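**Q** got a predicted model here, sequence first, then my questions.
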Amino acid sequence: MAGDEMTEADRRTSTPTSGDGHGSEAWAPAVVLRRGEVADIPALLAFWAVAGENASRPADDATMVENLLGRDPDCLLVAEQAGVIVGTVIAGWDGWRAHLYRLAVDPGCRGQGVGRRLVEAAEDRLRTLGAIRFDAMVLSENALGAHAWAAMGYRPQDDWTRWVRPA
Ligand SMILES: CC(C)(COP(=O)(O)OP(=O)(O)OC[C@H]1O[C@@H](n2cnc3c(N)ncnc32)[C@H](O)[C@@H]1OP(=O)(O)O)[C@@H](O)C(=O)NCCC(=O)NCCS
């Protein structure tokens, strides 16, 4: 089979981008999930700059991501389409609690279930490690994030406030 032809497996996981539902659709390449690697760091930083929620948080930098992967090489999940990163989530497990960070989907790929797939894969990983609860930090004014987390079964804890101090 030629390299640019689509396999049956690809077809099952691909997304129709147009058409009448009777065979005339243009098919987008499948979105696949994989582990993020050190080699992805430049692409990840560029991706988060446009797709992430970047307000009120420390800036990302390559050393921090490299340290994260050095400590937990399986924690960063990437959604990729045709070799391009279109989504991420960090499934952080410190041995005690499970935290989800850096959930982000390319603006052009939103609303197609990529965010949900990433979160479900992250939850599977964290459950296997022993997590009994997942948590995500969501800025109060982040309506997009709030919609997505709520749709995935998350609720704000009104009796807790996050307290922070610069290190
Ligand atoms: C939040 C984000 C990751 C969601 O990604 P996504 O791929 O669009 O999400 P999905 O398509 O998997 O949708 C997941 C659920 O959220 C709901 N949802 C997503 N966007 C929504 C919107 N704009 N309005 C209402 N519901 C929405 C979907 O309906 C879906 O629920 P369903 O499966 O029951 O239909 C994406 O909007 C994003 O990258 N936002 C910017 C970064 C950000 O804010 N991240 C969260 C930080 S806390």
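**A** That came through, no problem.

**Q** point out where this structure drops to low pLDDT.
**A** 1-26 (pLDDT under 70).

**Q** residues from it in reach of the ligand?
**A** 51-53, 103-105, 110-116, 136, 138, 142, 144-145, 147-148, 151-152 (C-beta under 6 Å from any ligand atom). The way it works is simple: take the backbone N, C-alpha and C, and place the C-beta from them, glycine included.

**Q** now the residue in the chain positioned nearest to the ligand: which helix or strand?
**A** Relative to the ligand, the nearest point of the chain is Gly115 (2.5 Å; C-beta to the nearest ligand atom). For Gly115, the host element (DSSP states H and E) is helix 114-129.

**Q** which stretches of this protein form helices?
**A** 8-13, 41-51, 62-71, 114-129, 143-151 (DSSP state H).

**Q** which strand in this protein runs the most residues?
**A** The single longest strand within the chain, with elements called by DSSP state E, is strand 84-93.

**Q** which other helices and strands does it contact?
**A** helix 41-51, strand 76-81, strand 98-105, helix 114-129 (3 or more C-beta pairs under 8 Å, 6 or more residues apart in numbering; DSSP states H and E).

**Q** list the contacts of the longest one.
**A** In this case it means helix 114-129. 31, 33, 74-75, 77, 79, 86-91, 93, 98, 100, 103, 105-106, 131, 134, 148, 151-152 (C-beta atoms under 8 Å, 6 or more residues apart in numbering).

**Q** circling back: save the helices and strands packed on strand 84-93 as JSON lines, and put in mean neighbour count too.
**A** Output for the helices and strands packed on strand 84-93, formatted as JSON lines (neighbours: other C-beta atoms under 10 Å):
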{"stretch": "helix 41-51", "mean neighbour count": "16"}
{"stretch": "strand 76-81", "mean neighbour count": "21"}
{"stretch": "strand 98-105", "mean neighbour count": "22"}
{"stretch": "helix 114-129", "mean neighbour count": "18"}
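
**Q** so can I have CSV of these showing distance to Pro58?
**A** Listed next are the helices and strands packed on strand 84-93 as CSV, based on distance: least, C-beta to C-beta, whole Å:
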stretch, distance to Pro58
helix 41-51, 12
strand 76-81, 17
strand 98-105, 11
helix 114-129, 21
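
**Q** so which of the ones you listed comes closest to Arg162?
**A** strand 98-105 (11.9 Å; C-beta to C-beta).
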